[in-house]
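*Asks:* Pasting a predicted model and its sequence here:
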Amino acid sequence: MKKRRIKKHVIFGGIGLICILVGTSILIVHGFNSSDKKEKVIKKEKVVKKVEKKEYNASLIMVGDALIHDGVYLDAKQADGSYDFKPMLELTKPIVSKYDLKYYNQETILGGVQLGLSSYPRFNSPTEVGDAFIDSGFNLVSLATNHTMDKGEEGVLKSLEYWNQQKNIVTAGQYSSFEDRDKVRIYEVNGIKYAFFSYTTWTNGLNTPVGKEYLNNVYSNDKAQQDIEKVRDKVDVVLVAMHWGTEYSLGVDQKQQEIANFLSSLGVDIIIGAHPHVVEPVEFIGKTLVIYSLGNYISNQVGVERLTGLMMGLNIKKVVDNNNTTISIENLKADLIYTHYNNNSRDFKVYPYSDLNNIILPNYKEYYEKYKGVVTERYQDIEFGPLREA
């Protein structure tokens, strides 16, 4: 009996030992597998968290007012009754076309010939003006001016009819309804999202019809704040065109300064000024670039000051690094432009100052230094010279 019991214990002991060994092996294997899986998970998490730094760039060029007096459109008139303004812009077209965004201010209403062409003080211009600017590459157009209501509601609707037919052109400042005006518009260029607004502080006493205030976007702090707050957290850059200031003044008036400070507090990135018809200073208010007035781009006005405008280029940089986005305005470049015409108000052509000589404009170098000094009075870090590249 003792022998049997001993054998039984040995058998059971052996089985127990085998179970322990097997169990230990399973635990060890499971442990290794579990550790291996953990390592893989950790490695995977590290890959997910790692974000590649990305950089986006968009170039912007800005010019001033297309102020189309009768001298300008009569010079553009062809034998068949059509109008061709393209030769007037041919010297600046190669410069403009290099940029991604190309801005100008359409000072006069483009109501077309059927509405009856007219000059100062109640302008109406041929739609071929727009054709020439589009041909030059312009794709960002400010429409809110003190001349928007020169031909009443019909003029605005004719203008919108023209612009709405154009492809890949962004306009702001004139609208066909409150719904149209209040629509949130977000655009994108080279991976950079932007919003564009246009306001005027002047109406020449030509108020919009009651209930149709959308026709001309007249500025108020409340309106601007509502517009900008709708888009500020949805876009990278906010551009605002402002029709403001004192005509023919080379300085900044108090109202301009107040509005610029307010728009800067709302997070506007670039303010582009028009209306004075002469160049005014450029400055930064915090991170907001303010161009108080670009002056005239083309006009039939008299005097070097009114025939000189500013052509300004810059780069908008967006950097995304580990889910943080930074926007910067860099590489400010500028050249002055001059509208030349002969004694009979014919042969209009826009010249970069770098293409001028003393025959076209006597003492042009002195004028260049004078107006360069006006532009850089508040901010000197602008590269002046021919804009040969974006």
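*Replies:* The structure has been received and is ready for your questions. Since the model is a prediction, treat every value here as computed from it, not as a measurement.
*Asks:* In the stretch 201-350 of the chain, what residue spans correspond to helices?
*Replies:* With helices called from DSSP state H, counting those that start in this stretch, the stretch 201-350 of the chain shows them at 221-231, 254-265, 304-307.
*Asks:* Which among these is found nearest to I329?
*Replies:* helix 254-265 (12.7 Å; Cβ to Cβ). The C-beta positions use only the backbone N, C-alpha and C, and glycine is treated the same way.
*Asks:* picking that back up, in JSON lines: the helices of the stretch 201-350 of the chain, plus distance to P386.
*Replies:* JSON lines is the format used below for the helices of the stretch 201-350 of the chain (distance: least, Cβ to Cβ, whole Å):
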{"stretch": "helix 221-231", "distance to P386": "35"}
{"stretch": "helix 254-265", "distance to P386": "29"}
{"stretch": "helix 304-307", "distance to P386": "19"}
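*Asks:* in the stretch 51-200 of the chain, which spans are strands?
*Replies:* For the stretch 51-200 of the chain, the strands defined by DSSP state E, counting those that start in this stretch occupy 54-66, 101-105, 140-142, 170-172, 187-189, 192-200.
*Asks:* Name the stretch among these that sits most buried.
*Replies:* strand 140-142 (a mean of 27; mean count of other Cβ atoms under 10 Å).
*Asks:* That one - which strands sit beside it in the sheet, and in what orientation?
*Replies:* Here strand 140-142 has these sheet partners by DSSP bridges: strand 101-105 (parallel), strand 170-172 (parallel).
*Asks:* related to what we said a few turns ago, who wins for proximity to H340 among the strands of the stretch 51-200 of the chain?
*Replies:* strand 54-66 (15.7 Å).
*Asks:* Let me know the average pLDDT across that closest one.
*Replies:* Across strand 54-66, pLDDT averages out at 98.
*Asks:* Output the contacting helices and strands for it.
*Replies:* When contacts are defined as 3 or more Cβ pairs under 8 Å, 6 or more residues apart in numbering; DSSP states H and E, strand 54-66 packs onto helix 93-96, strand 101-105, strand 192-200, strand 270-274, strand 296-298, strand 308-321.
*Asks:* out of the strands of the stretch 51-200 of the chain, which comes closest to I382?
*Replies:* Among the strands of the stretch 51-200 of the chain, strand 54-66 comes nearest to I382, with 12.7 Å by Cβ to Cβ.
*Asks:* hmm, back to that, can you list the helices and strands packed on strand 54-66 in JSON lines and add distance to G385 and mean pLDDT?
*Replies:* Listed next are these as JSON lines, based on distance: least, Cβ to Cβ, whole Å; pLDDT from 0 to 100:
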{"stretch": "helix 93-96", "distance to G385": "12", "mean pLDDT": "97"}
{"stretch": "strand 101-105", "distance to G385": "19", "mean pLDDT": "98"}
{"stretch": "strand 192-200", "distance to G385": "26", "mean pLDDT": "98"}
{"stretch": "strand 270-274", "distance to G385": "21", "mean pLDDT": "99"}
{"stretch": "strand 296-298", "distance to G385": "19", "mean pLDDT": "98"}
{"stretch": "strand 308-321", "distance to G385": "11", "mean pLDDT": "97"}
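*Asks:* With distance to Y73 added, can I get the ones you listed in CSV?
*Replies:* CSV is the format used below for the helices and strands packed on strand 54-66 (distance: least, Cβ to Cβ, whole Å):
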stretch, distance to Y73
helix 93-96, 19
strand 101-105, 17
strand 192-200, 23
strand 270-274, 20
strand 296-298, 11
strand 308-321, 19
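*Asks:* quick one: which of the ones you listed is nearest N343?
*Replies:* When those are compared by Cβ to Cβ, strand 296-298 sits nearest N343, at 17.9 Å.
*Asks:* For this structure, give me the ranges with low pLDDT.
*Replies:* Scanning the chain with the threshold set as pLDDT under 70 gives 1-51.
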